[in-house]
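> Sequence below, structure please.
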Amino acid sequence: MGDVSSKTRRRKKLKHRVFVPPSCIRFMETSEPQVHFDRDRTHYIRDVLRLGEGTEITVFDNSGQEYECKLVECKPSQAKGKISRAINPRVESSLKITLAQALIKGNSFERALTLCTELGCLKFVPLFTSRTVVKLRKDNHAERAKRWEKIVEQAASQSGRVKVPKVDAAIEFKSFLEKKHEGKKIILWERGGSGQLRQILDSDEERDDSVVLLVGPEGGFEQAEVKQAMEAGFQIWGLGPRTLRAETTGSIAVSILQFVRGDMG
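Sure, this is the predicted structure:
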């Protein structure tokens, strides 16, 4: 019983974290700064989290800071909080990882977004490749993009991050390669064997702090696509002799990069 009550007390001390756009933070001239929650976040605070006036929560706004505040108003139309202090936690990785992930079936793509947000990815680019089986209607793009943004926002909140990764609009593989990409460019390919990562990273004249990772769909990239990526400056990295699921490949690669070059080593 003692252990149970101890765990209960610890859970009660945990503060809810909520992301807000920077415009929600109001620095008042005559009183303490406040956060004015918009309609969606007011609904989330009142109806999902079931919080009321007097509750202490933490908010963050993509500035790199987070704010401790107490709810002073919790009406159906709008919730407000009074900010007591700003904090600058060092939780964001120095390694800026962009994950360009081919769309995959079911909830697998969303799970990949969640995992890689928790691991510190800074940006996501959904890709259409030759073997992509997911089809998005044009009228469904905006709806799906909004859902993805909410998923990474929630994952960032739950994992204690102070920045929410950006999710770009879905793009064709060839069009993505034609864009300019900063930093180290890597394509994950199951035929790549193993051992390339050390060679890729050791080839740096200067230590890159940005990485672009290309991850394929179910069935992987076609050989022609790998060739196109190499012509665009991407280097091949294989993750060993076993075949990995498309939804886990990206998170494994991000974990390794964070260990070798990021903040997990």
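
> For the helix or strand harbouring residue 148, enumerate the helices and strands it packs against.
In this assignment (DSSP states H and E), residue 148 forms part of helix 138-158. Packed against helix 138-158 by the contact rule (3 or more Cβ pairs under 8 Å, 6 or more residues apart in numbering; DSSP states H and E) you find strand 16-19, helix 108-118, strand 123-128, strand 166-167. Any C-beta I mention is one placed from the backbone N, CA and C, and that applies to glycine too.

> okay, now the domains of this structure?
Following automatic domain parsing, one finds the domains of the chain at 12-87, 96-260.

> in what helix or strand does residue 72 lie?
Assigned by DSSP H and E, residue 72 falls in strand 66-74.

> Against which helices or strands is the following helix or strand past that strand packed?
Once the chain leaves strand 66-74, the next helix or strand it forms, by DSSP H and E, is strand 79-87. With contacts taken as 3+ Cβ pairs under 8 Å, 6+ apart, strand 79-87 sits against strand 34-36, strand 66-74.

> which residues touch strand 79-87?
Applying Cβ atoms under 8 Å, 6 or more residues apart in numbering, the contact partners of strand 79-87 are 25, 32-37, 41-42, 45-46, 57, 59, 65-74.

> pLDDT on the next helix or strand after it, on average?
Reading on from strand 79-87 to the C-terminus, the next helix or strand found by DSSP H and E is strand 96-102. The average of the pLDDT scores along strand 96-102 is 97.

> Quick check: buried residues in strand 96-102?
Residues of strand 96-102 classed as buried by neighbour count (16 or more other Cβ atoms under 10 Å): 96, 97, 98, 99, 100, 101, 102.
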